[in-house]
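Peer 1: Pasting the sequence and the predicted coordinates here, then a few questions.
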Amino acid sequence: MLNYKVQRVPVLLGLLLIIAAGYVYFMRGIPRRAALESRESAVPTAAVSAAIGGVAVSEGDLRERLGEDWGNPSLRLDVGTFSPEEYGALVDSAMAGDQLALAALRASILRYLPKHPNDGKYAALKRRLYSREFILSVPFAQIRDLLPAGLLRLDRELALAILAADSANFAYFPRGLRGDKEMVRAAVSGDLSMLRMLPDDAFDDGIVELCAEGPEFFKYIPERLKYDKKFIRSLLVKCPKLYYHAWSDLRDGPEVLQAVKDMLLATTAQFRVPEQLCDDPGFVRNFLENNPDGLAQLPQSTRCDRGLMGAFMKKRPDLFHDICAKLQCDPDFFPLIREEILKSPAKYSSSLPSGLCGNREFAEELLSLSPGSMVHLSAELKADKALLLPVIRAHPEVYFFAGESVQNDADVLPIIRDFLVNSDWRYYDKPPDKLRGDREVILSMVRRNCHALKFAEEKLRDDDELVRVAVANSQDCLKYASDRLRKELFATGGAEGE
């Protein structure tokens, strides 16, 4: 019996060892599996984790090594924080848009290489980091301070490609390149505000020729140069469009005026003509021949010149409103302007010369062609019964353009009353004062337009039938009713039952 028990001991010990070994193996596998699951589930900031030589770099790894301050541009890490293989993975991720990977490169290897350019261990990585492919695939602003000082000067194509990607990168270029005409042209073509980044001494004639394309250029000139007479004159000669933005005491000089003159004669754009140029009648004639619509841009004194304006009006009478008011009423100009207006009265009726608005003979012709032009006549003519009665008889809808004395005249009132009672006209101004108490007129107007109730006299606003007709169309008309009817109708629900 004893021997049997002794024989069982080794077996039991073996079983215990097997169980212990299995337990240890199982327990050691738990953290390993957890680490694998953690790595598999980690997702990079903007790209899939890259792998080179079997080395994966995940977001979890990067955050642990970079710390919470990973977004700080001044963060520094020891170059040995990552292996060469891991750096290769980080480069791939950064080029794919992973900001976390770029932050890791910026904090470590990109800070290390400029100080240790001969470290052979990172020679292959250095070629990748300084390649055009890498530099153009990441935000230049984040790596500009970490590139070799002469890289952009040596590789001008790279510099131009960086500007083509984003003109704002010009602000980060070395001072020498910011004065380079080719670089300036590339930057300014994308964003004119990059002129602010130019050194003051870069604003030479060459830069002006490249950049002075329009008025926006002037606001980017350094302040000290805006008061430099020599520079401003040079600038205006090359870009006369800027003449109107420079200080008046800085833009004189024959060469500047000649440049402005040449510009005005070569364009149909609307620019105000300097008064000094208008002393030359030949220039004014050539300017108007090239750009007739520019008449309004001439000084007032030139637009009052009888000789120049007389010749011009014979060719373009349709621009009469741009000559001075004095000439518009001049007997020598009147026939041309009258003929032009009567060709298209609807076109010009709202811009009649003040002198013509009071000309009875002209008004009679105009009203025969365009009765609605009555609104633009002078107050004196609007009170002329003999002139307006035939027009109102033929076109009673224009009665409200006439003066009050004509509207309330005994011969005109019947015409207006008949129109208001029997027409289908739905749009009114107020009726003549003598008709505001006429129940038939107001009732007829209200049936076609309920808001006409506001023109009624006070006694008609207390008329039960009249007010109910108006309110039946719009409850808003209650505000025109008398206090009595307003309270009554409000209490009974308005026009209920109508």
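Peer 2: That came in fine, so what should we check first? Residues are numbered from 1 along each chain as shown.

Peer 1: What is the least confident helix or strand in this structure?
Peer 2: Scoring the helices and strands of the chain by mean pLDDT, DSSP states H and E places strand 51-52 at the bottom, with a mean of 38.

Peer 1: so where's the stretch 301-450 of the chain shaky on pLDDT?
Peer 2: 426-429 (pLDDT under 70).

Peer 1: ranges for the helices of it?
Peer 2: Using DSSP state H, counting those that start in this stretch, the helices of the stretch 301-450 of the chain run over residues 306-315, 325-328, 334-343, 345-348, 354-357, 360-369, 379-382, 385-394, 404-407, 413-422, 439-448.

Peer 1: tally of neighbours for residue 313?
Peer 2: Around residue 313 there are 21 other residues, counting by other C-beta atoms under 10 Å. Using the backbone N, CA and C atoms, a C-beta is placed for each residue, glycine as well.

Peer 1: Could you do residue 489 as well?
Peer 2: 20.

Peer 1: Likewise for residue 87?
Peer 2: If you count neighbours by other C-beta under 10 Å, residue 87 ends up with 25.

Peer 1: how far out from the middle of the chain is the host helix or strand of it?
Peer 2: In the assignment (DSSP states H and E), residue 87 maps to helix 84-95. Here helix 84-95 is found 43 Å from its chain centre; the criterion is C-alpha atoms, centre = their mean, to the nearest Å.

Peer 1: cool, and stretch 326-346?
Peer 2: 40 Å.

Peer 1: Give me the contacts around it.
Peer 2: Stretch 326-346 has contacts (C-beta atoms under 8 Å, 6 or more residues apart in numbering) with 303-304, 306, 309-310, 313-314, 317-318, 320-321, 323, 348-349, 352-356, 362, 365-366, 369-370, 372-373.

Peer 1: Quote the end-to-end distance of that stretch.
Peer 2: Stretch 326-346 has an end-to-end distance of 23 Å (criterion: C-alpha to C-alpha, to the nearest Å).

Peer 1: so who does residue 124 touch?
Peer 2: Residue 124 neighbours (C-beta under 8 Å, 6+ apart): residue 84.

Peer 1: Where does it sit, in terms of helix or strand?
Peer 2: Taking DSSP H and E as the definition, residue 124 sits inside helix 123-129.

Peer 1: And that helix, what's buried?
Peer 2: Going by neighbour count (16 or more other C-beta atoms under 10 Å), the buried part of helix 123-129 is 125, 126, 129.

Peer 1: The spatially closest residue to residue 237 that is not a sequence neighbour sits in which helix or strand?
Peer 2: Spatially, and ignoring its direct neighbours in sequence, residue 237 is nearest to residue 259 (4.8 Å; C-beta to C-beta, 6 or more residues apart in numbering). Taking DSSP H and E as the criterion, residue 259 maps to helix 254-266.

Peer 1: Output the buried residues of helix 123-129 as CSV; include the columns pLDDT and distance to residue 164.
Peer 2: Below are these laid out as CSV (pLDDT from 0 to 100; distance: C-beta to C-beta, whole Å):
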residue, pLDDT, distance to residue 164
125, 89, 27
126, 89, 25
129, 90, 21
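
Peer 1: can these go into CSV with extra columns for distance to residue 416?
Peer 2: Listed next are the buried residues of helix 123-129 as CSV, based on distance: C-beta to C-beta, whole Å:
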residue, distance to residue 416
125, 96
126, 96
129, 90
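
Peer 1: ok, these vs residue 284, which is closest?
Peer 2: residue 129 (65.9 Å; C-beta to C-beta).

Peer 1: follow-up on the earlier one: pick the most buried one from the helices of the stretch 301-450 of the chain.
Peer 2: Most buried of the helices of the stretch 301-450 of the chain by mean neighbour count (mean count of other C-beta atoms under 10 Å) is helix 439-448; its value is a mean of 19.

Peer 1: Pull the residues that contact the helix or strand that it is followed by.
Peer 2: Counting by DSSP H and E, the next helix or strand C-terminal to helix 439-448 is helix 464-473. Applying C-beta under 8 Å, 6+ apart, the set of residues contacting helix 464-473 from outside is 439, 442-443, 446-447, 450-453, 456, 460-461, 477-478, 480-482, 485, 489, 494-495, 498.

Peer 1: need the contact list for the nearest residue to residue 325 once chain neighbours are set aside.
Peer 2: What sits nearest to residue 325 in space, not counting adjacent residues and going by C-beta to C-beta, 6+ apart, is residue 354, at 6.1 Å. Listed by C-beta under 8 Å, 6+ apart, the contact partners of residue 354 are 325, 328, 329.

Peer 1: again, but for residue 66
Peer 2: Contacts for residue 66 (C-beta under 8 Å, 6+ apart) come out as 75, 77, 100, 103, 104, 107.

Peer 1: what do you get for residue 321?
Peer 2: 328, 348, 351, 353.

Peer 1: Most widely separated two among these?
Peer 2: Across the contacts of residue 321, the longest distance by C-beta to C-beta is 11.7 Å; it joins 328 and 348.

Peer 1: Following the chain past the helix holding residue 87, name the next helix or strand.
Peer 2: By DSSP H and E, the next helix or strand past helix 84-95 is helix 99-107.

Peer 1: and that following helix, what does it pack onto?
Peer 2: If you count contacts as 3 or more C-beta pairs under 8 Å, 6 or more residues apart in numbering; DSSP states H and E, helix 99-107 packs onto helix 59-66, helix 84-95, helix 140-143.

Peer 1: Flag every buried residue along the first one.
Peer 2: Counting neighbours by 16+ other C-beta under 10 Å, one finds that the buried residues in helix 59-66 are 59, 60, 61, 62, 65, 66.

Peer 1: Redo those as JSON lines? Include distance to residue 435 and pLDDT.
Peer 2: Listed next are these as JSON lines, based on distance: C-beta to C-beta, whole Å; pLDDT from 0 to 100:
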{"residue": "59", "distance to residue 435": "85", "pLDDT": "76"}
{"residue": "60", "distance to residue 435": "89", "pLDDT": "77"}
{"residue": "61", "distance to residue 435": "92", "pLDDT": "75"}
{"residue": "62", "distance to residue 435": "88", "pLDDT": "79"}
{"residue": "65", "distance to residue 435": "93", "pLDDT": "81"}
{"residue": "66", "distance to residue 435": "88", "pLDDT": "81"}
